[in-house]
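Everything below, folded, please.
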Amino acid sequence: MTIIDEIKQILRDVAIRQAETDKRLDRIAILSEQNVEQQAESDRRQAETDRQIQRVDKQLGELGNKWGSFTEGLLERSVQRIMVKDLGITDTSFGASKYKNGKTIEIDVLGVSNGTNNRVVIAEIKKPPPRNRHRANTTTIKRLSIFCT
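Prediction:
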């Protein structure tokens, strides 16, 4: 074999290897394109999942509000009966509000009795009851003091 034959053989081997490399690069390009498409599909599904979670969160919040209003309504009537029967309250009001100096306070149930038994009773209905009731009561009393002066 002459040197020219060896060079021709080397060039043939290089051409074969180059063709194999090109095939591998083509496969890599296809896989990369598939990966991009899969990532785009994954992103689309994740966005849809996020939208569904937001819808469910909103629905749960609305349901919680409805449930809270329902239970608050049940409790208001029960509290009213206790105020009248056990505490001698003559007048009750639900959702009483007072505005003062740009601040607002809403009282869930306000009971008043005038005459021989002068008193005011306030019922604050919480949903759910706070973990630290003492702190919640103290906060309510502080808020009330602003409106009673």
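
Please, which helix or strand holds the most centrally placed residue in the chain?
Nearest residue to the geometric centre of the chain (C-alpha atoms, centre = their mean): residue 57, 5.7 Å. In the assignment (DSSP states H and E), residue 57 maps to helix 3-87.

chain center to that helix, what's the gap?
In terms of C-alpha atoms, centre = their mean, to the nearest Å, the centre of helix 3-87 is set 19 Å apart from its chain centre.

Tell me the helix or strand right after that helix.
Assigned by DSSP H and E, the successor of helix 3-87 is strand 91-100.

Quick one: mean pLDDT for the helix or strand that that following strand is followed by?
Going down the chain from strand 91-100, the next helix or strand is strand 103-113, by DSSP H and E. Across strand 103-113, the average pLDDT comes to 85.

Pull out the buried positions in strand 103-113.
Across strand 103-113, burial judged by 16 or more other C-beta atoms under 10 Å covers 105, 107-113. Bear in mind the C-beta positions are built from the backbone N, C-alpha and C, glycine included.

helices or strands up against that strand?
Counting contacts by 3 or more C-beta pairs under 8 Å, 6 or more residues apart in numbering; DSSP states H and E, strand 103-113 is packed against helix 3-87, strand 91-100, strand 119-123, helix 133-147.

from the ones you listed, which stretch is densest packed?
strand 119-123 (a mean of 15; mean count of other C-beta atoms under 10 Å).

from what I can see residue 123 touches residue 87, true?
No. Under the criterion of C-beta atoms under 8 Å, residue 123 makes no contact with residue 87, lying 10.4 Å away.

for the worst-scoring helix or strand of the chain on mean pLDDT, the distance to its chain's centre please.
Here the helix or strand of the chain ranked lowest by mean pLDDT, DSSP states H and E is helix 133-147, holding a mean of 71. Here the centre of helix 133-147 is set off from its chain's centre by 27 Å, with C-alpha atoms, centre = their mean.
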